[in-house]
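> Attaching a predicted model along with its sequence, questions to come.
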Amino acid sequence: MSVSHSLHLRLFTPPPTAIPTHLPPPTLLLPRSAAHRRLPSLRASSSPEILVSDNNGAPSPPPSDPSSIEVDAVTEAELKENGFRSTRRTKLVCTVGPATCGFDQLEALAVGGMNVARINMCHGTREWHKEVIDRVRRLNHEKGFAVAIMMDTEGSEIHMGDLGGASSAKADDGEIWTFSVRAFDSALPQRTINVNYEGFAEDVKVGDELLVDGGMVRFEVIQKIGPDVKCRCTDPGLLLPRANLTFWRNGSLVRERNAMLPTISSKDWLDIDFGISEGVDFIAISFVKSAEVITHLKSYIAARSRDSDISVIAKIESIDSLKNLEEIVLAADGAMVARGDLGAQIPLEQVPSAQQRIVQVCRQLNKPVIVASQLLESMIEYPTPTRAEVADVSEAVRQRADALMLSGESAMGQYPDKALTVLRSVSLRIERWWREEKRYEAMLLPSVGSYFSEKISEEICNSAAKMANNLEVDALFVYTKTGHMASLLSRCRPDCPIFAFTTTSSVRRRLNLQWGLIPFRLSFTDDMESNLNRTFSLLKARNLIKSGDLVIAVSDMLQSIQVMNVP
Ligand SMILES: Nc1ncnc2c1ncn2[C@@H]1O[C@H](COP(=O)(O)OP(=O)(O)OP(=O)(O)O)[C@@H](O)[C@H]1O
Ligand SMILES: CC(=O)C(=O)O
Ligand SMILES: [K+]
Ligand SMILES: [Mg+2]
């Protein structure tokens, strides 16, 4: 049986106006302690072309070669081994830290399915992070991966200092500790903790409860002496470097002057400049309170990076970010359910419903969403997860979040590869269960486009996804320059995988964060007939598809939809 129907819609509406690149310099809100610091002059942004080799180590032709097709080495192996129906739909983000910063360790994560490497600017030096970025680049270049890089800012919430170099400190019941905003030149006195926020000693009151990392350790404020705040430990535990601090009065989180701290601190701006000059793929912004900060940052990036192809991810981890969720998600290019800090700001029992809501809002507004923090916390120390952790991971997969993230498990845990394997196998198992049970997902998806041409793209993708499910096609193909049409298909969470063909390596890396997309780099033209024929022969030559496979192809140049068997 051979099907080859095609329906073309051509469109003459003008494309949406481009984002202006000549924006006034953004005003920088600096915390008092750092207001004197200036931003350094910016280096030109680099967007290196990446040469990708295949699994056998033989370098493939440079990206400009019109006859080449590039796909992630691991994905290719997976496609060949299991056929494309069973490729993993849920994407995986790994935080890189001391346990995983070496080249071989990064390669092990990439082989294990890491789609995005996250670096957390709360920890380590810029030089350290640059080395990690360089290694990931080399890995992509030499070994044929397309691992994207996400830089996560520190944000200016209140946190402890770095414990004078110690990896942790134990606080025991009843002990008196000093939390101080003083700068100590020499070693920290015993049971003393530095606090990064200058207004701390003024803002807290005797009787307040001080929570470290949302309650891992608790103290009661018993005395204030100038810059020093004496506290008694009421809930013992381990203090970790740069742990988050919140203080509570009469059972409520205190949000006074500390709530006025800028979302992006002066140190964050320096880190952002670093991220732009390094050409990272994503910048995740901590403690976002409003949409303005996202819009501001996006215009800053657009004015400073030549191709402005860095996506901004809004971290939802505060009360304000939940209040302003829709507008924040709308302004951003994606969001993260940062359950660590979120759980310190809202009661823990409210975190699961917040997660569900954030995932749903992102899906409706067509923005990728990452579920993060403590997914496999026990695996920092133990080689197997708890049953509860497996259930939590399953729930995030079942909610059809775009991506799951490892934090301490991969940054400083003892079993980073095992933790990644758990995420991978749990994702695959749930996804297989959907296919076995034919659990297609029918979520009402509102229209998100503001232009008529965008609405057409949406309708095409919604229809293509529905047809793909009803006709049980083997794959959806999408030809997309910006990646937008691929994300619209991904939003429908169709039953079959989506092969996303795009012309640039940077778009390909960014598509790596989105549910169900298998991103390929391929140069193509406006002639869909020839694009399809060329893709079929390139994929067939690599044994990725075979004659007779049923495919639905859509493209954002032609706004077309075609159903056909691979010849
Ligand atoms: N670059 C690094 N250098 C040293 N330790 C790191 C590094 N990155 C992460 N870690 C360690 O791994 C732990 C977990 O990392 P992660 O960045 O996910 O957590 P986090 O600090 O809770 O996140 P966030 O600050 O964004 O809320 C950290 O608490 C820290 O101990
Ligand atoms: C990831 C992060 O920032 C959090 O969970 O708080
Ligand atoms: K961070
Ligand atoms: Mg956080």
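Cool, the structure landed. Numbers count the residues shown, from 1 in each chain. Ligands and ions are numbered 1, 2, ... in the order given.

> what does the stretch 51-200 of the chain put close to ligand 3?
120, 122, 152 (C-beta under 5 Å from the ion). All C-beta spots, glycine's among them, are computed from the backbone N, C-alpha and C.

> Pull the number of nearby residues for residue 278.
Residues lying near residue 278 (other C-beta atoms under 10 Å) number 20.

> and it, backbone torsions?
Main-chain torsions, residue 278, degrees, to the nearest 10: phi -80, psi -10.

> what packs against the strand or helix carrying residue 425?
Per DSSP states H and E: residue 425 is located in helix 416-437. If contacts are counted by 3 or more C-beta pairs under 8 Å, 6 or more residues apart in numbering; DSSP states H and E, helix 416-437 sits against strand 91-95, helix 103-111, helix 387-398, strand 403-406, helix 408-411.

> Could you give the secondary structure assignment for the residue most central in space within the chain?
Centroid check for the chain by C-alpha atoms, centre = their mean gives residue 370 as the closest residue, at 5.5 Å. Put simply, residue 370 is strand when judged by DSSP: H, G, I helix; E, B strand; the rest coil.

> Quick check: it touching residue 332?
No - with contact defined as C-beta atoms under 8 Å, residue 370 and residue 332 do not form a contacting pair (11.8 Å).

> can you list residues touching both of these two?
Counting by C-beta atoms under 8 Å, 6 or more residues apart in numbering, the common neighbours of residue 370 and residue 332 are residue 313.

> Pick out the residue of the stretch 301-450 of the chain closest to ligand 4.
residue 341 (3.6 Å; C-beta to the ion).

> Up against ligand 1, what does this protein have?
Contact residues, the chain versus ligand 1 (C-beta under 6 Å from any ligand atom): 95, 97-98, 120, 122-124, 152, 240, 286, 340-341, 407-408, 411-412.

> ok, of those, which come out buried?
With burial judged by 16 or more other C-beta atoms under 10 Å, the buried subset of those is 95, 97, 120, 122-124, 152, 240, 286, 340-341, 407-408, 411-412.

> can I assume residue 98 is in contact with residue 410?
No - using C-beta under 8 Å, residue 98 makes no contact with residue 410, being 10.6 Å away.

> Show me where the stretch 1-150 of the chain dips below the pLDDT cut-off.
1-67, 82-83 (pLDDT under 70).

> rerun at 80
1-67, 73-75, 77-86 (pLDDT under 80).

> how many neighbours does the residue nearest to residue 213 when sequence neighbours are not counted have?
Of all residues not flanking residue 213 in the chain, residue 243 sits nearest, at 4.7 Å (C-beta to C-beta, 6 or more residues apart in numbering). Neighbourhood size, residue 243 [other C-beta under 10 Å]: 20.

> SS state for residue 330?
Applying three-state DSSP: residue 330 is helix.

> show me the contacts for it.
By C-beta under 8 Å, 6+ apart, the neighbours of residue 330 are 291, 365, 367.

> OK, now which residue of the protein is nearest to ligand 1?
Closest approach between the chain and ligand 1, counting by C-beta to the nearest ligand atom: residue 407, at 2.8 Å.

> Run through the residues of the stretch 301-450 of the chain sitting next to ligand 2.
Close to ligand 2, as judged by C-beta under 6 Å from any ligand atom, the stretch 301-450 of the chain has residues 315, 317, 338, 339, 340, 341, 372, 373, 407.
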